[in-house]
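A.B. asks: From the sequence below, what's the structure:
(one chain, ligands or ions: 1)
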Amino acid sequence: MSNTVTEVALPGVQKVASGKVREIFDLGEHLLFVASDRISAFDVIMPTGIPNKGKVLTQLSKFWFGHLQDIVPHHLISADFDDLPSELREQAPFLRGRFMIVKKLEMFPVECVVRGYLVGSGWREYQESGSVCGIPLPSGLAQAQKLPEPIFTPAIKATDGHDENIPFSKMIDMIGAEHAEALRKVSIEIYQRAAEHALKKGVVIADTKFEFGLVDGRIVLGDEVLTPDSSRYWPLPEYRTGSNPPSYDKQFVRDYLETLDWDKTPPGPELPEQIVQGTAERYSTCFETITGTSLKGV
Ligand SMILES: N#Cc1c(N)ncnc1-c1cnn(Cc2cccc(F)c2)c1
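C.D. replies: Here you go, the predicted structure:
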């Protein structure tokens, strides 16, 4: 049977939000943030899941929340199975390792993107204008080159689901100068801390996206954080400038899809078992490399 994955449904709890690969449910005082094994490539969700992907991304978020909590408070309350309500422990054992019980935040309607390397839409914009999101950059930079300093390029979720870059001035209009400047500062600080840690482990975190909210007027880090779904992870040994470096986690899937006569529109094609297993191994290796611990027992 193919390892297909459907949206998570949970008995007795209301779903309040869903993304490509994650769902949020209302537990009353808190929220339940669930990561599925779904994987997307070229912005299309594949019908075949990657075993343990949701567990890896959840446990990576838990690691990074702890690693960064001296800089910024976070919304994670617990990722321990024993802390789930009893009816969920009994009826949804598949949640083990892939959920977070989180505080309810008053979310800012802005995605806080930090770019440390010149790649993707940033590279394309730089080639045309010498700047990224209106931020001028030195001339002569190569594709995937490390930027002199990380840049903050906020975005909003467009109606078609894609991220739309906005100028910092619009972020100020949306949430006020005090919060906009505070989010820019803390986003760059936590990206730098994480990127430095990852580089020591042989992983380049090229860019990432944070989401924040407020609790009692205080800024709190929400969503997932510094996962391969919210960030570009590159293996350092394969990192080169001048082309798009291979993705730590998704390269097997991307390379396989490029061999198909597929027009990159939904539905995505089923993934062969060897691609699934190879990708699952990349995710678990990524977790062990970044955290220095094993997923076994989670
Ligand atoms: N995190 C968080 C969070 C929180 N702690 N409190 C209140 N709201 C949110 C919240 C609401 N939507 N999102 C985006 C999002 C993320 C993941 C999956 C989705 F479907 C949608 C985040």
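A.B. asks: distance of S284 from G242?
C.D. replies: Distance check for S284 against G242: by Cβ to Cβ, to the nearest Å, it reads 30 Å. Every residue, glycine included, has its C-beta placed from N, CA and C.
A.B. asks: Those two - which one has more neighbours?
C.D. replies: Ranked by neighbour count (other Cβ atoms under 10 Å), S284 and G242 place S284 first, with 19 against 9.
A.B. asks: The more buried one: what's it in contact with?
C.D. replies: 52, 56, 295 (Cβ atoms under 8 Å, 6 or more residues apart in numbering).
A.B. asks: Could you tell me how many residues sit around K264?
C.D. replies: Neighbours of K264 (other Cβ under 10 Å): 12.
A.B. asks: That one: what secondary structure?
C.D. replies: Assigned with DSSP: H, G, I helix; E, B strand; the rest coil, K264 falls in the coil class.
A.B. asks: That one reaches F42, doesn't it?
C.D. replies: Yes. With contact defined as Cβ atoms under 8 Å, K264 and F42 form a contacting pair (4.5 Å).
A.B. asks: so where's this structure uncertain?
C.D. replies: Low-confidence segments of the chain, defined by pLDDT under 70: 1-6.
A.B. asks: the longest helix in it is where?
C.D. replies: Ordering each helix of the chain by length in residues (DSSP state H) puts helix 177-200 first.
A.B. asks: which element follows it toward the C-terminus?
C.D. replies: strand 203-210 (DSSP states H and E).
A.B. asks: tell me the contacts of the nearest residue to L141 once chain neighbours are set aside?
C.D. replies: Distance criterion Cβ to Cβ, 6 or more residues apart in numbering; nearest residue to L141, sequence neighbours excluded, is L118 at 5.3 Å. Applying Cβ under 8 Å, 6+ apart, we find L118 in contact with 126, 132, 137, 141-145, 147.
A.B. asks: separation between G292 and the ligand?
C.D. replies: Distance of G292 to the ligand, given as Cβ to the nearest ligand atom, to the nearest Å: 26 Å.
A.B. asks: how about V119, phi and psi?
C.D. replies: phi -150, psi 160 (degrees, to the nearest 10).
A.B. asks: Distance check, the nearest residue to V119 once chain neighbours are set aside against K53.
C.D. replies: Leaving aside its sequence neighbours, V119 sits nearest to A144 (Cβ to Cβ, 6+ apart; 5.1 Å). Per Cβ to Cβ, A144 is found 25 Å from K53.
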